[in-house]
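Visitor: structure of the sequence below:
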Amino acid sequence: MNLLLKSLLLILVASAESYAASPCEIQGRLTMLTSKSSDALSLIDIQLLEKDNFDEFSKKISKECQLQNEFALAQNRFFTTPNITKLKSIYPNTQPSPEFISKNRALRFINIEAYTKAHKNKRKYHPDISFRQVPVSEIYQPRNRAAGSYQASQIVWDSWENGTQYLDSYVMQLKNLSTPAISHISLKLSHERFYHLALMIDNKNHDPSPGFYRATQPNTKKTSLGWKLQIRYNHHKYYLNKDSCFGPNRQADPEKMKLCKNLKAHKDFEQVKIFMEKNTFLRQLGLLPETKETDSEGKSLNWIARFENGNYYHVHPEMVPHHMEKWLGFFNNYYSVIASNYTLPSQYPLMTPLEFISFMQKWLISIHPFEDGNGRTSRLWQEALAKSFNMPFAVSANLQNDMFSSIKAYYLQYVKSTQLYIDTINQCINFYESNMNNPESEYQCRILKTYNNKGSKIE
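Guide: Predicted structure coming up:
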């Protein structure tokens, strides 16, 4: 074999190992398959067409291809809008991008209620109305407010930005199909990178044990049932409102108390049902670790999510490594299936790219492998997956409620959020084209600088 031919083969192999199919490419293959006669189909093609959920899968792929095309058009508009391209010449260290639009950037890290509250918070001391809203980087507060000041919230925001600056390297890692898409090491490292700067606030108490699973972190305490999380929205979601269970002057009203008790029981039942469905789904696919182990109260640890007496329980710390083995195995297996445009055989039901992305993020959140930072780590890999499939990244749901919805509802919310993400890009392009004279739009459309510029607004 001559040198030129060897070089060409190496280029072809490299290209094949750095490729991931997008929804529109998948739709193209489905269209081709359904137009072929049965005798012209390969065994893999026939197996794909005979999957139980093929028709539903095709409809979802069509919608995701539509979103992909809308995103491509929005990106093209964004990068060719004069008032936006002008920013790059003024600030050479800044790369204006749709993902750095303030609202899109903030909702990766901050729940929508906090963002909306900050947006409406007028800072009367500032003479310029456009600055009378809390900057995005000030909204998030460290869990125990170690520094108790603006410096604390700013350094946590900067630390989060530090973690996200490695995003493109994770996308390249995913697309390199010659190696596993993700490993324990790369996942733990991505988590640790979110805390490099935050640890400057309080090295002991701020965010413990970055890069360690809960079962393996220093000084782990065994719990009787699991990692318990009180449902934070009990009082405003499970009940009608703060006063609905009481009569005048906050005195108990028997009828209202009964109504609230029944409502809470109904909501508890719905939550138990969702968690049982999640456990059943994973068990049927062989993705739930089987164990005969019990806790100190004799209760089984054979679950990923448990809801009991109004409390939500994460996976028991000692079971985390077993659940993570299942999560990583499925991640690598099914990513390869999608990246190959479903030319690889799979024992699992068909999942679209966005279904796979939302499922993996929700599954990781349910395991809750780290003591803190599970949300930002899961969303980082969610974004890496989306970029590898040429799709925009949109947060799946309200960041406080991402563990409490069904798998199906979570996917539908993700599709809706993706559409809203694209709509925000187009709304902000309109804002920049209209000479940027609307303070309300300015807040959500301001372009945040990259990490090296500390995530502040472009002046």
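Visitor: when you work out contacts or count neighbours from here on, use the C-alpha atoms and nothing else.
Guide: Will do.
Visitor: domain map for this structure?
Guide: In the domain annotation for the chain, the residue ranges read 20-217+318-453, 227-315 (automatic domain parsing).
Visitor: what pLDDT is listed against Ile447?
Guide: Per-residue confidence (pLDDT) for Ile447: 76.
Visitor: that one and Arg77, how far apart?
Guide: Using C-alpha to C-alpha, to the nearest Å, one obtains 15 Å as the distance from Ile447 to Arg77.
Visitor: who's more crowded, these two?
Guide: More crowded of Ile447 and Arg77, by other C-alpha atoms under 10 Å: Ile447, with 28 against 16.
Visitor: correct me, but the more buried one touches Ile101?
Guide: Yes - the criterion here is C-alpha atoms under 8 Å, and Ile447 meets it with Ile101 at 4.7 Å.
Visitor: how about the strands in the stretch 201-350 of the chain?
Guide: Under the criterion DSSP state E, counting those that start in this stretch, strands of the stretch 201-350 of the chain are mapped to 227-230, 306-308, 311-314.
Visitor: which of those strands has the lowest mean pLDDT?
Guide: Per-stretch mean pLDDT for these is lowest at strand 227-230 (a mean of 45).
Visitor: where does the prediction get shaky in the stretch 101-250 of the chain?
Guide: Flagging of the stretch 101-250 of the chain using pLDDT under 70 yields the residue ranges 109-111, 114, 120-157, 198-208, 215-250.
Visitor: give the contact list for Phe307.
Guide: For Phe307, the contact set (C-alpha atoms under 8 Å, 6 or more residues apart in numbering) comprises 268, 271-272, 275, 313.
Visitor: what is the nearest of these to Ser209?
Guide: Comparing the contacts of Phe307 against Ser209 with C-alpha to C-alpha picks out Tyr313 as the nearest, at 20.5 Å.
Visitor: what about that closest one, neighbour count?
Guide: Using other C-alpha under 10 Å, the number of residues around Tyr313 comes to 22.
Visitor: for it, give its distance to Phe275.
Guide: 10 Å.
Visitor: cool, and Leu354?
Guide: With C-alpha to C-alpha as the criterion, Leu354 and Phe275 are 21 Å apart.
Visitor: and the strands in the stretch 1-150 of the chain?
Guide: With strands called from DSSP E, counting those that start in this stretch, the stretch 1-150 of the chain shows none.
Visitor: can you give me the helices for it?
Guide: Assigned by DSSP state H, counting those that start in this stretch, the helices in the stretch 1-150 of the chain fall at 3-16, 23-35, 43-49, 54-80, 82-90, 102-106, 112-120, 136-139, 150-164.
Visitor: state the distance from the nearest residue to Ser405 once chain neighbours are set aside to Leu412.
Guide: Leaving aside its sequence neighbours, Ser405 sits nearest to Ile274 (C-alpha to C-alpha, 6 or more residues apart in numbering; 6.9 Å). Using C-alpha to C-alpha, one obtains 15 Å as the distance from Ile274 to Leu412.
Visitor: can you check Ile26 too?
Guide: Relative to Leu412, Ile26 is positioned 19 Å away (C-alpha to C-alpha).
Visitor: same check, this time on Leu285
Guide: Leu285 sits at a distance of 21 Å from Leu412 (criterion: C-alpha to C-alpha).
Visitor: for the two, indicate the residue with more neighbours.
Guide: In this view Leu285 and Leu412 are compared by other C-alpha under 10 Å, and Leu412 has more residues nearby, 17 against 11.
Visitor: angle of the helix or strand containing the more buried one against helix 54-80?
Guide: Take DSSP states H and E as the rule and Leu412 turns out to sit in helix 407-433. The directions of helix 407-433 and helix 54-80 differ by 20 degrees, with axes from the mean of the first three to the mean of the last three C-alpha atoms, to 10 degrees as the criterion.
Visitor: could you report the neighbour count for Cys24?
Guide: If you count neighbours by other C-alpha under 10 Å, Cys24 ends up with 20.
Visitor: cool, and Gly329?
Guide: When counting by other C-alpha under 10 Å, one arrives at 16 neighbours for Gly329.
Visitor: thought the residue nearest to Ser405 was touching Ala409?
Guide: No - contact status for Ile274 versus Ala409: not in contact, 10.3 Å apart, counting by C-alpha under 8 Å.
Visitor: compare the two (neighbour count), which wins?
Guide: Neighbour comparison, Ile274 and Ala409: the larger count goes to Ile274, with 19 against 10 (by other C-alpha under 10 Å).
Visitor: distance check, the more buried one against Asn302.
Guide: Between Ile274 and Asn302 the distance, using C-alpha to C-alpha, works out to 16 Å.
Visitor: how about Ser434?
Guide: 57 Å.
Visitor: with Val315 instead?
Guide: As judged by C-alpha to C-alpha, Val315 and Asn302 stand 9 Å apart.
Visitor: tell me which of these two has more neighbours.
Guide: For the pair Val315 and Asn302, the greater number of neighbours falls to Val315 (23 against 19), based on other C-alpha under 10 Å.
Visitor: could you measure from the more buried one over to His323?
Guide: Relative to His323, and taking C-alpha to C-alpha, Val315 is found at 8 Å.
Visitor: and Tyr410, by the same measure?
Guide: According to C-alpha to C-alpha, Tyr410 and His323 sit 21 Å apart.
Visitor: likewise for Phe79?
Guide: The separation that Phe79 has from His323, given C-alpha to C-alpha, amounts to 42 Å.
Visitor: with neighbour numbers in mind, choose between those two.
Guide: Relative neighbour count places His323 above the other of Phe79 and His323, with 24 against 15, counting by other C-alpha under 10 Å.
Visitor: quick check: closest non-adjacent residue to the more buried one.
Guide: Take His323 and drop its neighbours on the chain: the residue closest to it by C-alpha to C-alpha, 6+ apart is Pro289, 6.2 Å away.
Visitor: the one you found: neighbour count?
Guide: When counting by other C-alpha under 10 Å, one arrives at 19 neighbours for Pro289.
Visitor: which residues are in contact with it?
Guide: Contact partners of Pro289, counting by C-alpha under 8 Å, 6+ apart, are 283, 302, 322-323, 326.
Visitor: do Arg29 as well
Guide: Contacts of Arg29 by C-alpha under 8 Å, 6+ apart are Asn341.
Visitor: from Gln284, how far off is it?
Guide: From Arg29 over to Gln284 the distance is 29 Å, taken as C-alpha to C-alpha.
Visitor: what does Gln66 give?
Guide: Gln66 is 32 Å from Gln284, where distance means C-alpha to C-alpha.
Visitor: higher neighbour count, the two?
Guide: The neighbour count for Gln66 versus Gln284, taken as other C-alpha under 10 Å, is higher for Gln66 (15 against 10).
Visitor: could you find the closest non-adjacent residue to the more buried one?
Guide: Leaving aside its chain neighbours, Gln66 sits nearest to Cys24 (7.9 Å; criterion: C-alpha to C-alpha, 6+ apart).
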